[in-house]
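Enquirer: return atomic coordinates for the entry below.
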Amino acid sequence: MSASCRARLIALSFLGVAPSLAAAQARWIERFPAQSPPARSGHAMVQDLARGRVVLFGGQTGGSLPLADTWEWDGTNWRLAQPAQTPPARAYHAMAYDRVRGRTVLFGGAGSPGAPLADTWEWDGVAWNQFAPATVPPARAGHVMGFQAGRQAVLLFGGLGASFLPDTWEWNGMNWALISPGPTPSGRAYAALSEHPESPGSLLLFGGLGGAGYLRDLWRWDGSSWSGLTPLNLPAARNASGLATQADARRMILFGGWNGSISLGDTLEFNGNDWAPVNATPSPPARFGPAMAHLSSRRATLLFGGAASLGSDLGDTWELDYGGCARVGPGQPGGGGIPCICETPPQIGTSFCVSFSYPPPQGAGTGLLLLAPGPCFTNPFTILPPGVCGPTWLYLIPGAILQGAGEPLRFCMTLPASPALVGQPFCLQGAAVEVGACLRPTDAQQVVPHR
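Expert: Residues are numbered from 1 along each chain as shown. From the prediction side, this is the model:
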């Protein structure tokens, strides 16, 4: 590498430029554990942060028969818990994990034969305990619950009782309190609620079914008040969707639902400002009434069950994994540059190889691979000769530079078998040495390790 080109690369780190970043690639992976919960819809799932588990309770099968079983997912297998007592069978209840007290809180739902419930339970990983608070929200099903980090309490909103409910409640571990926050979302049931990806103290509410039909509005709860958000893009109107926040990656994932005519099978993400479709292939079949939760220890979002249509319940387990290689852009203006190829998938615990070819008479048989942690830049820096063979686009500030020789040029590295690497992007871009000692760039690849 020429001294002038190396100096240009180093100088980039002092430019103070804040370029935009390329998006990670996503894929749904179906898991086939040794045992699984029976097929169902209308169940609830939350992550037990202290124990590193996802807790699932209840739901319904066959479109109307409620269930009362408790399951836990450890990232590899489902385990059926067998506590001495359980809440009565129900579907379309809500649960939230109280991070302060280390308990999963359950309220309400539709029991048998579909009557709404108003009981409060907590799961500590061993036993279900019923509470008898002095104040209780009216019986309901199809409501939502989430944990408010700032207030250290569980929030409950809406649901279907005698009508579509627009009320906001708070559980402090001992009692329920009705909150009167001013303007609120309209009364609705079967909406979706999760933590704001950019503001952990806030919760986001999307969609549902209300008196005006299927909804597609987005609301934020900041711990004291509701406010409507107006992103440029919104998912189609729906209810009974799955929703979970990948706090470690600062995005919220929405899957599926029902739009009044058909079940949906789309995946969308919200980055704190706007919604965007996630082109994940393969993808779970369309469904409504699934449950989703993010398991931090695996850096993956879990989806289980749902109904393809009324009475056609599903019992499949999926994880959304952001991983793979994605071409970000060419190495030279106008689309020029050398193609860079990921020869193997970037799977943790395996050897990951990339290659590019620049044969004689132009190529000198040697080259470089530049690597940097974090996403690739989407508005690249421009480098001009000398040092490079022509105007060059650089998509990273190099953190490491590997040297190689051969035709084609091939670079391999072992990705550690660490779950902490899953979903963490890095950027790479190659450069072949041309006869005459200048560098000819490759296109850039964004690499996101997966399992």
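Enquirer: pull the contacting residues for Q332.
Expert: Contact partners of Q332, counting by CB atoms under 8 Å, 6 or more residues apart in numbering, are G390, P391, T392, W393, P441. Backbone N, C-alpha and C define where each C-beta goes, glycine included.
Enquirer: same thing with S194?
Expert: G146, L203, L204, L243, A244, T245, M252.
Enquirer: if we go to 10 Å?
Expert: Residues in contact with S194 (CB atoms under 10 Å, 6 or more residues apart in numbering) are 144, 146, 203-206, 242-247, 252-254, 270, 292-294.
Enquirer: in strands only, show me these.
Expert: 144, 146, 203-206, 242-246, 252-254, 270, 292-294 (DSSP state E).
Enquirer: weed out the non-buried ones from the contacts of Q332.
Expert: Among the contacts of Q332, the ones that count as buried by 16 or more other CB atoms under 10 Å are G390, T392, W393, P441.
Enquirer: nearest to A276, of those?
Expert: For the buried ones among the contacts of Q332, the residue nearest A276 by CB to CB is W393; the value is 24.1 Å.
Enquirer: returning to that earlier point: what's the ChimeraX syntax to select whichever of the ones in strands among the contacts of S194 are buried?
Expert: Buried residues among the ones in strands among the contacts of S194 (16+ other CB under 10 Å), as a ChimeraX selection:
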select :144,146,203,204,205,206,242,243,244,245,246,252,253,254,270,292,293,294
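Enquirer: quick revisit: I'd like the buried ones among the contacts of Q332 as TSV, with distance to W219 and pLDDT appended.
Expert: Shown next, in TSV, are the buried ones among the contacts of Q332 (distance: CB to CB, whole Å; pLDDT from 0 to 100):
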residue	distance to W219	pLDDT
G390	52	91
T392	47	93
W393	41	93
P441	46	95
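Enquirer: next, give me the two most distant ones among the residues you listed.
Expert: G390 and W393 (10.6 Å).
Enquirer: break this structure down into its domains, please.
Expert: The chain breaks down into these domains under automatic domain parsing: 3-22+324-448, 27-320.
Enquirer: check the offset of the first one from the chain's centre.
Expert: The one in question is domain 3-22+324-448. The chain centre lies 28 Å from the centre of domain 3-22+324-448; the measure is CA atoms, centre = their mean, to the nearest Å.
Enquirer: could you give the number of residues near P282?
Expert: If you count neighbours by other CB atoms under 10 Å, P282 ends up with 10.
Enquirer: that one: what's it in contact with?
Expert: R27, W28, I29, E30, W318.
Enquirer: ok, so of the residues you listed, who is nearest Q130?
Expert: Nearest member of the contacts of P282 to Q130, counting by CB to CB, is W318, at 32.4 Å.
Enquirer: specify the local secondary structure of that closest one.
Expert: strand (DSSP: H, G, I helix; E, B strand; the rest coil).
Enquirer: if I pick it, what's in contact with it?
Expert: 28-31, 242, 255, 282-285, 290, 292, 300-305.
Enquirer: rewinding a little: find residues that contact each of G390 and W393.
Expert: G331, Q332, P333, G336, G337, I383, P441.
Enquirer: identify the farthest-apart pair in those.
Expert: Of all pairs in the shared contacts of G390 and W393, the most separated under CB to CB is G336 and I383 at 13.6 Å.
Enquirer: give me the common contacts of those two.
Expert: With CB under 10 Å, 6+ apart as the test, G336 and I383 both reach G390, P391, T392, W393, P441.
Enquirer: partner strands of the helix or strand harbouring the fourth one, parallel or antiparallel?
Expert: Spelled out, that is W393. W393 belongs to strand 392-394 when assigned by DSSP states H and E. When pairs are called by DSSP bridges, strand 392-394 turns out to pair with strand 381-383 (antiparallel).
Enquirer: and the strand it pairs with, which residues are buried?
Expert: In strand 381-383, counting by 16+ other CB under 10 Å, buried: F381, I383.
Enquirer: before we move on, what about stretch 201-220?
Expert: Quick answer for stretch 201-220 (16+ other CB under 10 Å): 202-210, 214-215, 217-219.
Enquirer: what of stretch 38-48?
Expert: Quick answer for stretch 38-48 (16+ other CB under 10 Å): A39, R40, S41, G42, H43, A44, M45, V46, Q47, D48.
Enquirer: how far does it stretch from one end to the other?
Expert: The first and last residues of stretch 38-48 sit 21 Å apart, counting by CA to CA, to the nearest Å.
Enquirer: looking at the shared contacts of G336 and I383, which one is closest to D69?
Expert: The closest of those, once distances to D69 are taken by CB to CB, is W393, at 55.6 Å.
Enquirer: and the helix or strand where L117 lies, which residues are buried?
Expert: Using DSSP H and E, L117 sits in strand 116-123. Residues of strand 116-123 classed as buried by neighbour count (16+ other CB under 10 Å): P116, L117, D119, T120, W121, E122, W123.
Enquirer: and it, what does it pack against?
Expert: Here strand 116-123 touches strand 53-57, strand 94-98, strand 103-110, strand 128-131, going by 3 or more CB pairs under 10 Å, 6 or more residues apart in numbering; DSSP states H and E.
Enquirer: now that strand against strand 94-98, angle please.
Expert: Taking axes from the mean of the first three to the mean of the last three CA atoms, to 10 degrees, one finds strand 116-123 and strand 94-98 inclined to each other by 30 degrees.
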